[in-house]
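how would this look folded up:
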Amino acid sequence: MNTFPLILSSPSGGGKTTIKNEIIKKDSRFGFSVTATTRPKRENEIEGRDYYFLSEQEFDKMLNDGEFIEWAKIHNFRYGTPKSSILKLIEDGKIPIMTIDVVGAMNIKKIFPSSVLVFILPPSFDVMIERLKKRGESNDEINKRINTALKEIDYALKFDYLVINDILEKTVNDIINIIDIEFKKVFRREGFVKEFKYNIEKVIYNGGIR
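As a prediction, this is how the structure comes out:
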């Protein structure tokens, strides 16, 4: 199976991490490309599952060694996508899921033009704020994330798909259906089409069906 990265981006409170976890549980074709970050670990997060949590010095070393496909600074913390994480998944025939910011998504699209970019929004602004409060964000942190969200939303129309995350199960199914549709696109089935054409030409060359 020829695979391609699936990129999920959203403003804070969009639910991309929860969506990613549910997709991986539901469909064995997918694997998570773990991002490295200098951000502190939250209470419910696990090292190596949600992120690689690095010190500033460790992040600098990976950066200097050229181990990131892309990286960005968001809310005073750095995030980077390790090359090894995504390439290993592709080699194993998995669809790599990346939950990264919008700038990172644009950079990945340049490196992997076949990537599918999905922008996720909560059903309303009020729901977004409610989700951030449930995460224990302070008002100052929420205001920072609102300001960032305003910039991120400008990128939405550059993505391949927009999904509204209202009911989690429906959102997960919508994204899996998007991938199923993508696999049916002609440019992704080029090898199959060429093989089919070759078999037709071979039969014609040999005098047709007898």
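
quick one: the strands in this protein?
For the chain, strands defined by DSSP state E occupy the ranges 6-9, 30-32, 35-37, 51-53, 68-74, 77-82, 95-99, 116-121, 161-164.

Indicate which one of those is closest to Lys20.
Set against Lys20 and scored by Cβ to Cβ, the strands of the chain come closest in strand 95-99, at 5.2 Å. In short, each C-beta sits where N, CA and C put it, glycine included.

For that closest one, give me every contacting residue.
By Cβ atoms under 8 Å, 6 or more residues apart in numbering, the residues outside strand 95-99 that reach it are 3-9, 16-17, 20, 23-24, 29-33, 35, 81, 85-86, 89-90, 104-105, 108, 179.

where does this structure have low pLDDT?
Along the chain, the parts satisfying pLDDT under 70 run over 1, 186, 189, 192-193, 196, 200, 203-204, 208-210.

got the residue ranges for the helices in it?
Counting by DSSP state H, the chain has helices at residues 16-26, 56-64, 83-91, 102-111, 125-134, 139-153, 168-184, 190-205.

Identify whichever of these lies nearest to His75.
helix 139-153 (5.8 Å).

which strands and helices sit next to that closest one?
Counting contacts by 3 or more Cβ pairs under 8 Å, 6 or more residues apart in numbering; DSSP states H and E, helix 139-153 is packed against helix 125-134.

how long is stretch 25-37 end to end?
Taking Cα to Cα, to the nearest Å, stretch 25-37 runs 24 Å from one end to the other.

If you count neighbours, what's buried in that stretch?
Arg29, Phe30, Gly31, Phe32, Ser33, Val34, Thr35, Ala36, Thr37 (16 or more other Cβ atoms under 10 Å).

Would you check that the fifth one makes contact with Thr81?
What it means is Ser33. Yes: in this structure, Ser33 is within contact of Thr81 by Cβ atoms under 8 Å, at 6.6 Å.

Now list the buried members of the contacts of strand 95-99.
Using 16+ other Cβ under 10 Å, the buried ones in the contacts of strand 95-99 are 3-9, 16-17, 20, 23-24, 29-33, 35, 81, 85-86, 89-90, 104-105, 108, 179.

separation between Gly80 and Ile175?
Distance, Gly80 to Ile175, using Cβ to Cβ, to the nearest Å: 24 Å.

before we move on, what about Asp101?
Distance from Asp101 to Ile175, by Cβ to Cβ: 18 Å.

Looking only at neighbour counts, state which of these two leads.
Taking neighbours as other Cβ atoms under 10 Å, Asp101 and Ile175 compare with Ile175 leading, 25 against 22.

Who are the contact partners of the more buried one?
Per Cβ under 8 Å, 6+ apart, neighbours of Ile175: Leu6, Leu8, Ile19, Ile23, Val118, Val163.

which of the residues in stretch 72-80 are buried?
Going by 16+ other Cβ under 10 Å, stretch 72-80 has these buried residues: Ala72, Ile74, Arg78, Tyr79, Gly80.
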